[in-house]
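In: I would like to see how this sequence folds:
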Amino acid sequence: MSKSRPSRRSIPWKWIGAGLAVVTLLVAWRLLPVDDWVLGLQHEVARMGVLGGVVFALIYVLAALLLVPGAVLTIAAGVVFGIVWGTLLVSAASTAAAAAAFLIARYVARPHVEEMARRHEKFGAIDRAIREKGWKVVALLRLSPVVPFSLSNYMYGLTPVRFWPHLLASWAAMLPGTLLYVSIGAAGGAAAAAGKGEGHRPWEWTLLAAGLVATVVVTVLLSRAARRELAKSHLESKA
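Out: Numbering: from 1, shown residues only. Now for the predicted structure:
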């Protein structure tokens, strides 16, 4: 009996992106007056009140529709708005972007999106998997993205999945990654405040660090579980 050929492991882009984000923040911290910029931006957003959050959300949605990677803006939300409000804003904005791109692909610009999808080698497998298992595959792909977030928003509009199951699955499955990147940004914002004497007290820093570690652990576990399930549909093995 011949041995089965082991599947090639997928490249962990989410963790590579998170690691690069941390390194970039550290380098920028050493070379640029980041703390002054962060505090100035925080004060400006606070002065704008609710309007600041609305403007940020609109920019996020527009960037996603233009296929701009959302990691930088997600981290920025943590820096400016903190963990709670940053997570709420990014969750709402990313879900709105997913809904808009889905509807554009399905009803407005389907031929153009189909042409774009044909150039992506995994789209056929994704389409077949969603035909078999529906929104569950969407949730797994959001947890362990085989396709970049902004591009996948359009591609799901070409599949048979219904709008509301797709949207609810996307919202829930994107939360762990959102919380991870927002937490990284929030830690950077807190460090900037500490550099100017406006930082947290020791017990608050402990809670912030514990929360970040817990978020990383949970996100890793969920991502690994999603990869195992996706391997059954021959998606991860081709990543």
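
In: Run through this protein and note the low-pLDDT ranges.
Out: Residues of the chain meeting the criterion pLDDT under 70: 1-43, 145, 192-212, 215, 233-239.

In: what about 50?
Out: Within the chain, the set of residues satisfying pLDDT under 50 comprises 1-8, 203, 238-239.

In: As a check, name the ranges of all helices in it.
Out: Assigned by DSSP state H, the helices in the chain fall at 13-31, 34-48, 50-65, 71-103, 110-118, 123-133, 135-143, 149-155, 163-195, 202-232.

In: any chance of these in a markdown table, plus mean neighbour count?
Out: C-beta coordinates here come from the backbone N, C-alpha and C atoms, glycine included. Formatted as a markdown table, the helices of the chain follow (neighbours: other CB atoms under 10 Å):
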| stretch | mean neighbour count |
| --- | --- |
| helix 13-31 | 13 |
| helix 34-48 | 15 |
| helix 50-65 | 16 |
| helix 71-103 | 22 |
| helix 110-118 | 14 |
| helix 123-133 | 17 |
| helix 135-143 | 23 |
| helix 149-155 | 22 |
| helix 163-195 | 21 |
| helix 202-232 | 15 |
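
In: What's the separation between Trp171 and Ala98?
Out: The gap separating Trp171 from Ala98 is 8 Å, by CB to CB, to the nearest Å.

In: which residues touch Val182?
Out: Counting by CB atoms under 8 Å, 6 or more residues apart in numbering, Val182 touches Thr74, Ile75, Ala77, Gly78, Ile83, Gly86, Thr87, Val90.
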